[in-house]
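> Mind looking at a prediction? Sequence and model below.
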Amino acid sequence: MNISFSPPFIDQNVIDEVVDTLESRWITSGPKVKALEAEMMELTGSKASVCVNSWTSGAIMMLKWFGIKAGDEVIIPAYSYCATALCVLHCGAKPVMVDISDDLTIDPAEIRKAINHQTKAIITVDIAGLPCDYQAINTLLKQPEIQEQFIPASEKQRALGRILLLADAAHSIGARYGGKSAALASDITIYSFHAVKNITTAEGGCICLNLPEQFNHEAEYGFLKVFALNGQNKDAYAKSRGANWKYDILYQGLKINMPDICAAIGLAQIRQYKDLLLPSRKHIALKYCHHFNAYSWFTAPALKDNSRESSYHIFPLRIKGISEEQRDQIIDQLVGLGIVVNVHFIPMPMLSYFKETGYRMEDYPNSYKQYACEISLPIYPQLSIEEVDYIIESVISTVQLHLGISPLKTTA
């Protein structure tokens, strides 16, 4: 077999929606983007949503919106993709990395240790689609001794009156927390629509706002739409409607708007998400767990507990008692069997740029421990029953063989 890791879901509905955009002769930001933003509000329960051209640019914009600048600190997990740190650096601030819990999400106890007078925001990361421990984090941010350390330096910071909680939900669209959309557990949630995500627009992202009542979400939406278009007060669609060519530049904005041709892909997918795409992922994840649970070398991922349910974006297979080198050998063997797998993620302190700027992997022992034994297996709706069975059989036989155990013998 030849099994890809994470191909985009492209069915006739997607093709039809894209063709409709092409035939409309309007391909940049316009009605399709508006429709996708409305669908995102419906899916997440958010008070406002703004589509942009990537998670990264959306995060940069929201940190700038909050007034993050040089001298400020933003707490992030060491176990994440580089964009979680780069968006902070692009604002001139310092990413303060902390370690993770065994479920791969940021450790609230480590957040507590890292907070000081320079801390302006926390970026949590819903790794593999599992929401972080938002109850513990929100409780922490409301503690008087934590709020007393917060020194506001911008209009938005004074309005919020505390450290901003921004969720990196690149993996977790459709995840649940406390019986509700996980997007409601933080001030700002930013999703990725990159090609490998549960919902894709080829490249893209969406900012969802759930700010306290002192914020006017309609006004914030209007500001962000202008800021995302170079600070220009009329987009191309508005300018095209008759004699409407005059515009003004109101802010030193960014150019990060999403075009309709991209939104069309996501629009067709999101309409099938609850009933088809997400249940398909869940079914595969549960089937993996059902079979792997028979083996003592398997560490089951946290998919659902009393307060959280994953979006099943990634299936992080973790194998007990192996080294990073052994993990890499198992990956090579699986690829040789025609199964493309991945690793999520290489902790940022292991990457050259971050090593050169002073981050040390030994300061984040659990991040390294989890990384060294993790293999991300294919999990997407297009996988056939035969392909899933082949992946399961191949993983079991390869790991058993590598560990020197009979392929037919369980060790549970």
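Looks like it came in fine.

> OK, contacts around the residue nearest to the spatial centre of the chain?
By CA atoms, centre = their mean, the chain has its centre lying nearest to residue 170, at 1.5 Å. With contact taken as CB atoms under 8 Å, 6 or more residues apart in numbering, residue 170 is in contact with 55, 81, 83, 125-126, 190-192, 194, 197, 205. For glycine as for every other residue, the C-beta is placed from the backbone atoms N, C-alpha and C.

> how many neighbours does residue 178 have?
A total of 14 residues lie near residue 178 under the criterion other CB atoms under 10 Å.

> Test my guess that it contacts residue 138.
No - the pair residue 178 / residue 138 is not scored as a contact, 10.7 Å apart, by CB atoms under 8 Å.

> Now for these two: what residues contact both?
Contact with both residue 178 and residue 138 is made by residues residue 185, according to CB under 8 Å, 6+ apart.

> Identify the residues contacting the helix or strand of the chain with the lowest mean pLDDT?
Sorted by mean pLDDT, DSSP states H and E, the helices and strands of the chain end with helix 236-239, the least confident at a mean of 72. The contact list for helix 236-239, computed with CB under 8 Å, 6+ apart, reads 26, 28-31, 244-245, 247.

> need these in a markdown table with pLDDT, secondary structure and neighbour count, can you?
What follows is the contacts of helix 236-239, written out as a markdown table (pLDDT from 0 to 100; DSSP: H, G, I helix; E, B strand; the rest coil; neighbours: other CB atoms under 10 Å):
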| residue | pLDDT | secondary structure | neighbour count |
| --- | --- | --- | --- |
| 26 | 93 | coil | 17 |
| 28 | 95 | coil | 16 |
| 29 | 95 | coil | 24 |
| 30 | 95 | coil | 20 |
| 31 | 97 | helix | 13 |
| 244 | 78 | coil | 11 |
| 245 | 81 | coil | 8 |
| 247 | 90 | coil | 15 |
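
> sorry, back to before: need the pLDDT of the residue nearest to the centre of the chain.
The per-residue pLDDT reported for residue 170 equals 98.

> Which helix or strand contains it?
For residue 170, there is no enclosing helix or strand under DSSP states H and E.

> give me the number of residues near the nearest residue to residue 304 once chain neighbours are set aside?
Residue nearest to residue 304 in three dimensions, not counting chain neighbours: residue 310, with 6.7 Å by CB to CB, 6 or more residues apart in numbering. Burial of residue 310, expressed as a neighbour count using other CB under 10 Å, amounts to 27.

> now swap in residue 14 and tell me
Per other CB under 10 Å, the neighbour tally for residue 14 reads 19.

> Closest to residue 323 out of the contacts of helix 236-239?
Distance to residue 323 across the contacts of helix 236-239 (CB to CB) is lowest for residue 29, with 48.7 Å.

> That closest one and residue 260 touch, don't they?
Yes - judged on CB under 8 Å, residue 29 makes contact with residue 260 at a distance of 6.4 Å.

> before we move on, back to that, please state the offset of the least confident helix or strand of the chain from the chain centre?
For helix 236-239, the gap between its own C-alpha mean and the chain's C-alpha mean amounts to 31 Å (CA atoms, centre = their mean, to the nearest Å).

> Run through who's touching whatever helix or strand comes next after that helix.
Counting by DSSP H and E, the element after helix 236-239 in chain order, helix or strand, is helix 260-270. In this structure, residues lying in contact with helix 260-270 by CB under 8 Å, 6+ apart are 8-11, 13-14, 16-18, 20-22, 24, 26-33, 35-36, 39-40, 43, 51, 53, 193, 199-204, 277.

> Which among those residues count as buried?
When neighbours are counted using 16 or more other CB atoms under 10 Å, the contacts of helix 260-270 contain these buried positions: 8-9, 14, 17-18, 21, 26-30, 32-33, 35-36, 39-40, 43, 51, 53, 193, 199-201, 203-204, 277.

> mind checking pLDDT for residue 228?
The score at residue 228 is 98. That number is its pLDDT.

> my bad, residue 410
On the pLDDT scale, residue 410 is placed at 47.

> these two touch, right, residue 2 and residue 336?
No - between residue 2 and residue 336 there is no contact, the gap being 11.7 Å when judged by CB under 8 Å.

> Give me the neighbour count for residue 92.
Count around residue 92 with other CB under 10 Å applied: 13.

> So the closest residue to it other than its chain neighbours: helix, strand or coil?
Nearest non-adjacent residue to residue 92, counting by CB to CB, 6+ apart: residue 70, 3.8 Å away. Applying DSSP: H, G, I helix; E, B strand; the rest coil to residue 70 yields a three-state assignment of coil.

> From residue 90, how far off is residue 70?
Here residue 70 is placed at a distance of 11 Å from residue 90 (CB to CB, to the nearest Å).

> Looking at these two, which is more packed in?
With neighbours defined as other CB under 10 Å, residue 70 and residue 90 compare such that residue 90 has more, 16 against 8.

> Quick check, pLDDT for residue 242.
At residue 242 the predicted local confidence, pLDDT, stands at 66.

> Give me the distance between the two termini of stretch 312-321.
For stretch 312-321, the separation between the terminal residues is 25 Å (CA to CA, to the nearest Å).

> how far does it sit from the chain's center?
Here the centre of mass of C-alpha atoms in stretch 312-321, compared against the chain's by CA atoms, centre = their mean, lies 17 Å away.

> Report the next helix or strand after the lengthiest strand in the chain in sequence order.
Longest strand of the chain, by residue count under DSSP state E: strand 119-125. Moving toward the C-terminus from strand 119-125, the next helix or strand (DSSP H and E) is helix 134-141.

> tell me what that next one is packed against?
For helix 134-141, the packing partners by 3 or more CB pairs under 8 Å, 6 or more residues apart in numbering; DSSP states H and E come out as helix 108-114, strand 119-125, strand 164-168.

> One more pass at 6 Å, please.
helix 108-114 (3 or more CB pairs under 6 Å, 6 or more residues apart in numbering; DSSP states H and E).

> which strands and helices sit next to the helix it packs on?
Helix 108-114 makes packing contacts with strand 94-98, helix 134-141 when contacts are defined by 3+ CB pairs under 6 Å, 6+ apart.

> quick revisit: who touches the residue nearest to residue 304 in this structure?
Neighbouring residues of residue 310 by CB atoms under 6 Å, 6 or more residues apart in numbering: 129-130, 175, 303.

> one more time with 7 Å
With CB atoms under 7 Å, 6 or more residues apart in numbering as the criterion, the residues that contact residue 310 are 128-130, 175, 303-304.
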